[in-house]
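**Q** kindly return the folded structure for what I paste below:
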Amino acid sequence: MAGELTGCLKGPIKDAAQAMVKARKKQGVPDELAARSAVWRLLHTTFDVIEVAERAGVEPLDAARTYWALFERLELLWLWDGIGALPRSDRWQTQARGALRDDLLTALAELTENVLDGPDRTVTSWWDANERSIQRAMSQLTQIRRSDSFDITNMSVALRQLRNLALTSVKHA
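**A** Model prediction:
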C-alpha cells in the first residue's frame, strides 16, 4: 500500500504530497524514494484502512480511496495539522496530542466503515443519506476551524463531533 497511497489521496493533502515528491526529486532523490517519503507521515493510517477493508470485504486500496475521500470531503486537513501543531513540551502534552491523533484516526476509520457498509459503498451516497447530521457536524467544525488558535480544548470538541457523526450516521443508506 505504501507505493499506492499517493494515488488514494485527494485535495490539499494530495497536493502537499505531490509538492514534496517534486521538491525531493529536484534535490536528486530517486523517484520511488521521493514518492515513499512524501507519504511517510501517513503510512500509519494504512493499519486502520486494512482492518476496515477486511471487515467490509473490500480491497485495501478501495478502502484507502474511501478513507481519503472522506478526509477530503469532511475537510479534515486543518484538524490533522492542528493536532500535529499542538505543543509537546512535556510527557502529558505529548500523550494528549497522541490521544487526539488516535481519536481522529479512529473516527475516520469508523466513518469509512459506515460508507463501505452501504449498498453502493460511495462517499456521495453516504453523504446524501446523512446530510443533516453531516451539516450539523460540519457547522461545528467550521466554527472551530475559524478559531484564533487551536488547543486541546477545541481539538477535543472537533473530535467529539466526528465521533458523534460516526456513531449516528446511517450505515446502510
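
**Q** in the chain, where is pLDDT below threshold?
**A** 171-173 (pLDDT under 70).

**Q** can you pull out the strands in it?
**A** Counting by DSSP state E, the chain has no strands at all.

**Q** that one: helices as residue ranges?
**A** With helices called from DSSP state H, the chain shows them at 5-8, 11-26, 31-38, 45-56, 60-73, 77-84, 91-116, 123-129, 131-145, 152-168.

**Q** how near is Arg136 to Leu70?
**A** Distance, Arg136 to Leu70, using Cβ to Cβ, to the nearest Å: 17 Å. All C-beta spots, glycine's among them, are computed from the backbone N, C-alpha and C.

**Q** which of these two has more residues huddled nearby?
**A** Set side by side, Arg136 and Leu70 show more neighbours around Leu70, with 21 against 15, by other Cβ atoms under 10 Å.

**Q** find the centremost residue of the chain, please.
**A** Central residue of the chain (Cα atoms, centre = their mean): Phe71, 4.1 Å from the mean position.

**Q** so what's that one closest to, chain neighbours aside?
**A** Using Cβ to Cβ, 6 or more residues apart in numbering and skipping the chain neighbours, the partner closest in space to Phe71 is Leu108 (6.3 Å).

**Q** what's near enough to touch the one you found?
**A** The neighbours of Leu108, taking Cβ atoms under 8 Å, 6 or more residues apart in numbering as the test, are 45, 48, 67, 70-71, 76, 162.

**Q** number of residues surrounding the nearest residue to Val58 once chain neighbours are set aside?
**A** Excluding the flanking residues, the one nearest Val58 by Cβ to Cβ, 6+ apart is Leu116, at 5.8 Å. Counted with other Cβ under 10 Å, residues neighbouring Leu116 total 22.
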